[in-house]
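Student: okay, here's the prediction I keep looking at, along with the sequence it came from:
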Amino acid sequence: MASLHTINYFKQFSEEFEGPYLEIGSLIQEAYSQHSPKEMQNINNQEYIGIDIFPGEGVDLVFNLATADFAEIEHWKGKFGTVHAHYVFEHVTDIFKLAKNIEYILKPGGKLCFSAPFCWRLHRIPIDMWRFTPQSIDWLFPTLKFDKKKSAWSSRSKFVYAINDVVELSFGTKMEEYSFLFRSFLKIMKKLRLDDNFFQERALIPELNLMMIGIKTESNNFTFIPNDLV
């Protein structure tokens, strides 16, 4: 499941997605406002499977793809044209196995629609383990080629930022990039020490989610990691 903001972002690329579809973490949680990836595209009669480790609304099959061996998912090898994994990876202990299994079940040219938090509050469903950067996703999915133009940061306030621009409020040397009035306001707040929790920090980063689309290829690809570091 995903937020409506996430659904609307990926929807602009939905004509590129093909079935069969697999959604990982499809359970609709009552405590959250959630939407299904089905809302972003016209699936028609194409196969769509929603899996989760818990039964409930939105779940077609109770299955843990993060613990399955290749032998258990042999019938899914190269099957899916689109895999949706929205706000799942931060709740998984073995993200490396889950990533390998996703690569295994994607057919050549298939797409992964991925979203996960970069900077976010703790939310245990039932655990909260990880935060992600574009380079970490590159490393997790070496046979997927990620498109920078279709990758972005999004805030809770529905703002979308380019993937190479991590938004932050700087209280250091980058303050000189701000307007005179805003720069003066920040300097006054730091000097007066009206808030020891925030204005004394070097920088503040808003809640940001990472949203990316990767295409399954036959060889290793790294979009964000320099080749000489691989």
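Tutor: Received the coordinates, thanks.
Student: other SSEs contacting the longest strand seen in the chain?
Tutor: Using DSSP state E, we find that the single longest strand of the chain is strand 106-119. Counting contacts by 3 or more C-beta pairs under 8 Å, 6 or more residues apart in numbering; DSSP states H and E, strand 106-119 is packed against helix 4-11, strand 80-86, strand 208-216. Any C-beta I mention is one placed from the backbone N, CA and C, and that applies to glycine too.
Student: pairing partners for it, with directions?
Tutor: Sheet pairing here is set by DSSP bridges, and for strand 106-119 it gives strand 80-86 (parallel), strand 208-216 (antiparallel).
Student: for the residue positioned nearest the centre of the chain, give its distance to Asn221.
Tutor: Central residue of the chain (C-alpha atoms, centre = their mean): Ser115, 1.6 Å from the mean position. Ser115 is 20 Å from Asn221, where distance means C-beta to C-beta, to the nearest Å.
Student: buried sites along the lengthiest helix in the chain?
Tutor: When the chain is parsed with DSSP state H, its longest helix is helix 180-192. For helix 180-192, the neighbour count (16 or more other C-beta atoms under 10 Å) marks Leu186, Lys190 as buried.
Student: and stretch 199-219, by the same measure?
Tutor: Result for stretch 199-219 [16+ other C-beta under 10 Å]: buried residues Phe199, Pro206, Leu208, Asn209, Leu210, Met211, Met212, Ile213, Gly214, Ile215, Lys216.
Student: just the C-alpha atoms of it, please, in CSV.
Tutor: Extracted C-alpha coordinates of stretch 199-219, given in CSV (Å, rounded to 0.1, in the frame of the first residue of the first chain):
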residue,chain,number,x,y,z
PHE,A,199,18.3,26.2,15.6
GLN,A,200,21.5,25.1,17.1
GLU,A,201,21.9,22.2,14.6
ARG,A,202,24.0,22.4,11.5
ALA,A,203,21.1,21.6,9.2
LEU,A,204,17.5,20.3,9.3
ILE,A,205,16.1,17.8,6.8
PRO,A,206,12.3,17.5,6.3
GLU,A,207,10.6,14.2,6.1
LEU,A,208,11.5,12.8,2.7
ASN,A,209,10.6,9.6,0.8
LEU,A,210,12.6,8.1,-2.0
MET,A,211,10.6,7.2,-5.1
MET,A,212,12.3,5.2,-8.0
ILE,A,213,11.6,3.1,-11.0
GLY,A,214,14.0,0.4,-12.1
ILE,A,215,14.1,-1.7,-15.3
LYS,A,216,15.3,-5.4,-15.2
THR,A,217,18.3,-6.0,-17.4
GLU,A,218,20.6,-8.9,-18.1
SER,A,219,23.7,-7.4,-16.6
